[in-house]
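Participant: Mind looking at a prediction? Sequence and model below.
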Amino acid sequence: MERVHVIIHGSVQGVFFRANAKRIAESLGLKGYVRNIDDGCVEVVAEGSEEKLKELISFCKKGPEAANVSKIDVKFEESSGKFEGFEVRY
């Protein structure tokens with residue numbers, strides 16, 4: 001199991017990015033969270049197979065239809081195994 005930490009930059013808040021990321025992550029069987037951060041970006045932390053994480057990263061590169069993603073930062077880390085599901089954090 002792997003872990004990925006993604007920061008999504010651009011016009012990504014208020015466009016249902018978190019709801020869509022949660023839906024996709026759950027459909028892929030990933031665990032972790034998504035949240036807005038104070039600088040206007042969205043943060044995604046997810047754990048699962050490398051193949052499924054790459055599918056989530058592909059979504060993060062474009063986001064939902066109303067989003068305008070300018071760039072993403074992706075960092076693979078060691079998984080913690082402490083997530084029970086995938087949630088939106090506030």
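Facilitator: Structure received.

Participant: For residue 60, grab phi and psi.
Facilitator: Residue 60 adopts backbone torsions of phi -60, psi -30, taken as degrees, to the nearest 10.

Participant: residue contacts, it?
Facilitator: Counting by C-beta atoms under 8 Å, 6 or more residues apart in numbering, residue 60 makes contact with 6, 8, 21, 44, 69, 72. Heads up, the C-betas are built off the backbone N, CA and C, glycines and all.

Participant: all helices of the chain, in order?
Facilitator: Per DSSP state H, the chain carries helices over the ranges 17-27, 50-62.

Participant: and the longest one, which residues are buried?
Facilitator: This means helix 50-62. Within helix 50-62, the residues scored as buried using 16 or more other C-beta atoms under 10 Å are 52-53, 56-57, 59-60.

Participant: what's the closest of the helices of the chain to residue 77?
Facilitator: The closest of those to residue 77 is helix 50-62. By C-beta to C-beta, the value is 10.9 Å.

Participant: could you give the angle of that closest one to helix 17-27?
Facilitator: Relative orientation of helix 50-62 and helix 17-27, computed by axes from the mean of the first three to the mean of the last three C-alpha atoms, to 10 degrees: 160 degrees.
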